[in-house]
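Student: Sequence and predicted structure, then a few things I'm wondering about:
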Amino acid sequence: MDEELERIRSRLREELVAQARTRNAGPVELKEADFDRFVATHPVALVDVWAPWCGPCRVMSPLVAELGKAWAGRVSVAKINADEAPSVVQRYRILGIPTFLWFKDGALAGRQVGVQPRQAFEDALAELSA
């Protein structure tokens, strides 16, 4: 029963991610269990590692949402709560938030930390999606 429940949950997660991509909804909210699959299944991805108590994270949130919509179909954008994803924080040695992780073909391709101007994101996204 547990295996079947996990298969159903996995299928539903995949459907939600696909729906978000196709309807131009902006960033996908990831859970720790979804992180590796998201990165592996999207050729170019931006993941915002944030926390609800973080002021700079809240400042960047509207920009991340705008980028998700503007780059839909070319770049997949997601957010993951650092407090709920300690293994992701540890694996990528995240020492400050917000941290923006760039992935290309499942591999880490770069990072930015802290409040950044929109142009820094536009430049990185253009380079990775070329």
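Tutor: Now that the structure is in, tell me what you want to look at.
Student: From here on, just use CA atoms for contacts and neighbour counts.
Tutor: Will do.
Student: which other residues reach the helix or strand harbouring Phe35?
Tutor: Assigned by DSSP states H and E, Phe35 belongs to helix 35-41. Helix 35-41 has contacts (CA atoms under 8 Å, 6 or more residues apart in numbering) with Ala45, Val88, Phe103, Asp105, Gly106, Ala107.
Student: Recalculate using a threshold of 7 Å.
Tutor: Ala45, Phe103, Asp105, Gly106 (CA atoms under 7 Å, 6 or more residues apart in numbering).
Student: what's downstream of it, the next helix or strand?
Tutor: Assigned by DSSP H and E, the successor of helix 35-41 is strand 44-50.
Student: State the mean pLDDT of the helix or strand that comes right after that next one.
Tutor: Next in sequence after strand 44-50, counting helices and strands by DSSP H and E, comes helix 55-70. The average pLDDT for helix 55-70 rounds to 94.
Student: Now do helix 55-70 against strand 44-50, angle only.
Tutor: Helix 55-70 and strand 44-50 meet at an angle of 150 degrees, taking axes from the mean of the first three to the mean of the last three CA atoms, to 10 degrees as the criterion.
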